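> predicted model, plus sequence, below.
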Amino acid sequence: MSSPSTTVPAEMPPAEAPGVAVNRHGGGMSRTVRITYLVLLVVALAAPLIGLYPVFVMKLLCFALFACAFNLLLGFTGLLSFGHAAFFGFAAYVTGWFIKVQGWTPELGILAGVVVAALLGLLFGLVAIRRQGIYFAMITLALSQMVFFLCLQAPFTGGEDGLQGVPRGNLFGLIPLLDDTVMYYFVLVIFLACFLGILRIVTSPFGQVLKMIRENEPRAISLGYEVDRYKLLAFVLSAALAGLAGSLKTLVMKFATLSDVHWTMSGEVILMSLLGGVGTFFGPVLGSGLVIALQDMLADKVGEWVTVIIGVIFVVCVLAFRKGVVGELLAWRERRAPRH
């Protein structure tokens, strides 16, 4: 069956982008949402100037990007992956190795990590994409564990010691990234570009098809769409963005370890997305902020109990806010909006 163009069928109403409140009278984002994003942008730009620790905020941005990448797959395509740590962690190792051992500049090291993550995502997708539900999730988990074993045994990863002391180097050979403030704005620019890119993808005709596949895959097939091709492309895009997050994390923290590629990292990104709100744009950012902030504040006070505390918070959130924090706020705002 020939593939139609990525135009949403006429009988399918244009879906509103979850997480972006739509002005029903003017189209596009509402004034409240625009003001909120503007305030957050100002705070992000001024973060190093108002006393926020740059390394902490950079780590938050890296994991926020990771969560947004995962949300592109789960929230907008409906595919639950238990193996996203493979893309995040393996890209972190690749970037660290090229920069530390081969002496590559940071932009080339990051590019290498993204390309490897995309290729790994293509391999995972070709194997798993024809399965659905729990079978898809289990295949991605199994493949991710194979990557974990590779990172444990391969000589270039440093085994259990990981890659330590990865230099940040000079961006394009000119801009030194050793300074935390300079590195912060570099990470912020990449995060903003990727966030806007995901927004553009999801609101494009291609994104509308992804949402149609999420909501009713048999109907998408009956309308002539090559569903597996769309899902594979979404999987590769998500893997590449997850790899970018891992590469940036290596530069920020100056190391890559087995925890980056362990299955628990996949669990963390699922937690972040569900906590903030799957299928919303800002939800994964908020969820990652909550998780990273709790880990940072509680790690030195309660030790390993921090995972128990986060787990309790997650259970409470799932029971009280089934759509996530942002999802519930949007639902409440929708209920209060006047109907015409």
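Nice, I can see it.
> not counting its neighbours along the chain, what's nearest Phe252?
That one is not Phe; residue 252 is Val. Met58 (4.4 Å; Cβ to Cβ, 6 or more residues apart in numbering). Backbone N, C-alpha and C define where each C-beta goes, glycine included.
> would you agree the one you found is in contact with Tyr185?
No: the pair Met58 / Tyr185 is not scored as a contact, 9.8 Å apart, by Cβ atoms under 8 Å.
> neighbour count: those two, which is higher?
Met58 (24 against 17; other Cβ atoms under 10 Å).
> elements contacting the strand or helix carrying that one?
Per DSSP states H and E: Met58 is located in helix 54-77. Contacts defined by 3 or more Cβ pairs under 8 Å, 6 or more residues apart in numbering; DSSP states H and E place helix 54-77 against helix 84-100, helix 180-203, helix 205-215, helix 227-253, helix 263-276, helix 283-302.
> could you redo the last one with a cut-off of 7 Å?
With contacts taken as 3 or more Cβ pairs under 7 Å, 6 or more residues apart in numbering; DSSP states H and E, helix 54-77 sits against helix 180-203, helix 205-215, helix 227-253, helix 263-276, helix 283-302.
> could you give the angle of it to helix 227-253?
170 degrees (axes from the mean of the first three to the mean of the last three Cα atoms, to 10 degrees).
> now the angle between helix 84-100 and helix 54-77, please.
140 degrees.
> mean confidence for helix 54-77?
The pLDDT scores in helix 54-77 average 94.
> go ahead and confirm Ala242 touches Ala69.
Yes: with contact defined as Cβ atoms under 7 Å, Ala242 counts as touching Ala69 (4.3 Å).
> who has more neighbours out of those two?
Under the criterion of other Cβ under 10 Å, the comparison of Ala242 against Ala69 puts Ala242 first, with 34 against 28.
> Cys62 versus that one, what's the distance?
Taking Cβ to Cβ, to the nearest Å as the measure, Ala242 falls 11 Å from Cys62.
> cool, Ala245 as well?
Taking Cβ to Cβ, one finds Ala245 at 5 Å from Cys62.
> of the two, who's got more company?
Ala245 (33 against 27).
> for that one, give its distance to Leu65.
For Ala245, the distance to Leu65 - Cβ to Cβ - is 4 Å.
> and Val43, by the same measure?
17 Å.
> ditto for Phe321
When Phe321 is compared with Leu65 (using Cβ to Cβ), they lie 23 Å apart.
> between these two, which one's more packed in?
Leu65 (27 against 18).
> ok, now which ones touch the more buried one?
191, 194, 241, 244-245 (Cβ atoms under 7 Å, 6 or more residues apart in numbering).
> what lies in contact with stretch 71-86?
70, 120, 124, 136-137, 140-141, 143-144, 147, 198, 202, 207, 210-211, 213-214, 231, 234-235, 237-238, 241-242, 261-263, 265-266, 269, 273, 278-279, 284.
> of these, buried ones?
70, 120, 124, 136-137, 140-141, 143-144, 147, 198, 202, 207, 210-211, 213-214, 231, 234-235, 237-238, 241-242, 261-262, 265-266, 269, 273, 278-279, 284 (16 or more other Cβ atoms under 10 Å).
> quick check: end-to-end length of stretch 166-186?
17 Å (Cα to Cα, to the nearest Å).
> what comes up buried for that stretch?
Applying 16+ other Cβ under 10 Å to stretch 166-186 flags 166, 168-169, 171, 177, 182-186 as buried.
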